[in-house]
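> make a model of this:
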Amino acid sequence: MKNKRHAKILEIIQNTNTVTQSDLTQKLCDSGFDVTQATVSRDIKALGLIKVSNGKNGYKYQQPSHAPTASSKHLTIFAQSVIKIDSALHTIVVRTLAGMAQAAAAAIDSTIGTQILGSIAGDDTILIVTDSPESASRLKDVLTSMQTGKLDI
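Residues are numbered from 1 along each chain as shown. Presented below is the predicted three-dimensional model:
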């Protein structure tokens, strides 16, 4: 369902001057997708959409001209701050150096944010929630790759 919704979002932004998340939410609902603004917000982030000038004193959503790539700066921050990565059921706990959890969580969000349901960062701990134990296991492997500098998304 998410893939179909993402495809419809891309179709809508290519064919209209969609300006706001509310506009996009309404157009998706009109197309038969029962979504909330929060879901559309997550979809916009997952698709990496940006706002650009529509040439008429306004803005519209658009796909970036290039595919997003993991920032080496984020990967470096993650690799240098993470101490330990554990998982249990559909959650992952990442231990970091004191004061580095939020920076490491930002690196996770910018690199692989679409694979998680949500995350919370404290001072030295990040809690990540996935949709299944299998997803958690795969994500733990990706995070371990990030930690060792051998990212394999």
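> so how far is Asp123 from Gly48?
In this structure, Gly48 and Asp123 are separated by 30 Å, where distance is defined by C-beta to C-beta, to the nearest Å. (C-beta placed from N, C-alpha, C; glycine too.)
> surely Ile77 meets Ala107?
Yes: the pair formed by Ile77 and Ala107 meets the contact definition of C-beta atoms under 8 Å, at 5.3 Å.
> the two - which one has more neighbours?
Set Ile77 next to Ala107 and count neighbours by other C-beta atoms under 10 Å: Ala107 wins out with 25 against 17.
> list the contacts of the more buried one.
Ala107 is in contact with Ser71, His74, Leu75, Ile77, Phe78, Met146, counting by C-beta atoms under 8 Å, 6 or more residues apart in numbering.
> repeat that for 10 Å
70-71, 73-79, 81-82, 100, 113, 143, 146 (C-beta atoms under 10 Å, 6 or more residues apart in numbering).
> of the residues you listed, just say which sits nearest to Ile128.
Comparing the contacts of Ala107 against Ile128 with C-beta to C-beta places Leu143 closest, at 8.3 Å.
> next one: that closest one relative to Ser81, how far apart?
In terms of C-beta to C-beta, Leu143 sits 12 Å off from Ser81.
> report the set of residues contacting both of those two.
Any residue near both Leu143 and Ser81 by C-beta under 10 Å, 6+ apart counts here, and that gives Val94, Ala104, Ala107.
> so which of these belong to strands?
In strands, judged by DSSP state E, the following of the shared contacts of Leu143 and Ser81 are found: Val94.
> low-scoring stretches of the protein, by residue?
Regions of the chain meeting the criterion pLDDT under 70 cover residues 64-72, 113-114, 150-153.
> show me where it has helices.
Chain-ordered helices for the chain, with DSSP state H as the definition, fall at 2-15, 21-30, 37-47, 72-81, 101-112, 133-148.
> can I get those in CSV including distance to Leu127?
Shown next, in CSV, are the helices of the chain (distance: least, C-beta to C-beta, whole Å):
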stretch, distance to Leu127
helix 2-15, 23
helix 21-30, 27
helix 37-47, 18
helix 72-81, 16
helix 101-112, 9
helix 133-148, 12
